[in-house]
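Visitor: Structural data only, the sequence is not supplied:
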Ligand SMILES: [Zn+2]
């Protein structure tokens, strides 16, 4: 049921007149437990209950996101061409942009301070979001640098011999249309890390940097040709690609199912959701 996308969300139930309100039941439970108002609740849509924006499901979504990623990168690593010098550096939920500089290869690509300086040149040109205003006003001088290093991303792939680096990103969308996935979501993911790529290009001009996004649509749909192109960029052996594709789709569906089962258990059983966890580390637009 979950994979088919027919979960009985409040949004759906109000349409068939089984419920009065479309507000998310899990967010309601979480807010009531904290003694907060339930005004302005997000609608309990399929997209919301699969996102880190839902207070009752955020921890599960983040865990599912990382488990899919880990599996995908482990499989790519295992299926790499034997002669490839490409290294995967995956970041867990406790890591941020600065973490890889503790390794030995990253300071060899560029100096951390140089990178921060170039990043600041790019970050200052971007408008400050309403949610960031308070932090900016507190310390405008260090805001951009902290913001840059505090960003989280899924990982890097670097090839020191060829001086090529990629930012890796895994995203799930509630849309399953191929063109939408390929063009709109791809552009969104690229926009998100534009300053990281731009700063790296400026700090290490002899390197080539790019971004590789793994995008999954609603109900586990993936653009097959697009997935294969990305595997090729990451030096995965041609022979292994079909197996990787099938395993990745299975992982995505299973992880999605775990999230939906948790949602159903919580709304049916009235269990208090776990709200602690890594919502701060993962954007609200992260879907699973
Ligand atoms: Zn919610």
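Guide: Alright, I've got the coordinates. Note that this is a predicted model, so its numbers are computed, not measured. Numbering: from 1, shown residues only.

Visitor: Can you show me the helices along the stretch 1-150 of the chain?
Guide: Counting by DSSP state H, counting those that start in this stretch, one finds helices in the stretch 1-150 of the chain at the ranges 10-15, 25-33, 58-78, 105-109, 112-123, 133-138, 140-150.

Visitor: what residues does the chain put near the ion?
Guide: Residues of the chain lying near the ion by Cβ under 5 Å from the ion: 24, 26, 27, 54. In short, each C-beta sits where N, CA and C put it, glycine included.

Visitor: mind giving me TSV with these and columns for neighbour count and pLDDT?
Guide: Below are the residues of the chain next to the ion laid out as TSV (neighbours: other Cβ atoms under 10 Å; pLDDT from 0 to 100):
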residue	neighbour count	pLDDT
24	28	92
26	26	92
27	25	93
54	26	92
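
Visitor: pLDDT weak spots in the stretch 151-288 of the chain?
Guide: In the prediction, the stretch 151-288 of the chain carries residues with pLDDT under 70 at positions 173-183, 218-221, 270-288.

Visitor: Buried residues, stretch 240-256. List them.
Guide: Neighbour-count burial for stretch 240-256, counted by 16 or more other Cβ atoms under 10 Å, picks out 240, 241, 244, 248, 249, 251, 252, 253, 255, 256.

Visitor: One more: stretch 118-136?
Guide: So stretch 118-136, judged by 16+ other Cβ under 10 Å, has buried residues 118, 119, 120, 122, 123, 128.

Visitor: picking that back up, please convert the helices of the stretch 1-150 of the chain to a markdown table, extending it with distance to residue 198.
Guide: Shown next, in a markdown table, are those (distance: least, Cβ to Cβ, whole Å):
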| stretch | distance to residue 198 |
| --- | --- |
| helix 10-15 | 39 |
| helix 25-33 | 36 |
| helix 58-78 | 24 |
| helix 105-109 | 15 |
| helix 112-123 | 5 |
| helix 133-138 | 20 |
| helix 140-150 | 11 |
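
Visitor: Among the ones you listed, which comes closest to residue 160?
Guide: When the helices of the stretch 1-150 of the chain are compared by Cβ to Cβ, helix 105-109 sits nearest residue 160, at 6.1 Å.

Visitor: Tell me which other helices or strands that closest one touches.
Guide: Packing contacts for helix 105-109, counted by 3 or more Cβ pairs under 8 Å, 6 or more residues apart in numbering; DSSP states H and E, involve strand 87-90.

Visitor: ok, the strand it packs on: who's next to it in the sheet?
Guide: Sheet pairing of strand 87-90 (DSSP bridges) gives strand 155-159 (antiparallel).

Visitor: ok, and what's touching the strand it pairs with?
Guide: Strand 155-159 has contacts (Cβ atoms under 8 Å, 6 or more residues apart in numbering) with 69, 73, 84-91, 100, 105, 109, 164-168, 212, 234.

Visitor: if you set the cut-off to 10 Å instead, what comes out?
Guide: Strand 155-159 is contacted from outside by 69-70, 72-73, 76-77, 84-92, 95, 97, 100, 103, 105-106, 108-109, 164-170, 196, 200, 207-210, 212, 233-235, using Cβ atoms under 10 Å, 6 or more residues apart in numbering.

Visitor: Before I go, just wanted to say thanks for your time.
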